[in-house]
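1. mind folding the following:
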Amino acid sequence: MPGVIRPLHILWNELIGFFFAVFALAILASFAKGVYDFKGDQSSLFRLILMGVAFLVMAAYGLQSYFKARKIGKS
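-> As a prediction, this is how the structure comes out:
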């Protein structure tokens, strides 16, 4: 059974990392559009800050999941 669980665990972490990376890229595209349409008011600035934080969180989770999968694969 451990011969099946370990590859599934690696695959799970890689898939989760991929989905978080896709979400991060979608947020980054929205962030770029928000910068282009920036009007200088507080709501636009708050929206940009919120998208920036969301991008960082999604990208960090994606990278963490990918590196965790590599660590499991090496052990």
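
2. C-alpha only now, for contacts and for neighbours.
-> Fine.

3. hmm, Lys33 and Met51 touching each other?
-> No. The criterion here is CA atoms under 8 Å, and Met51 misses it with Lys33 at 10.9 Å.

4. compare those two (neighbour count), which wins?
-> Neighbour count, other CA atoms under 10 Å: between Met51 and Lys33, Met51 has more, with 20 against 12.

5. which secondary structure element is home to that one?
-> helix 42-74 (DSSP states H and E).

6. what residue ranges in the chain score low on pLDDT?
-> Nowhere does the chain drop to pLDDT under 70.

7. let's see it at 80
-> 1-2 (pLDDT under 80).

8. how near is Gln42 to Gly3?
-> 55 Å (CA to CA, to the nearest Å).

9. check Gly73 too.
-> 12 Å.

10. and for Ile27?
-> From Ile27 to Gly3 the distance is 37 Å (CA to CA).

11. between helix 42-74 and the longest helix seen in the chain, find me the angle.
-> Assignment by DSSP state H gives helix 2-36 as the longest helix of the chain. Put simply, helix 2-36 runs at 160 degrees to helix 42-74, going by axes from the mean of the first three to the mean of the last three CA atoms, to 10 degrees.
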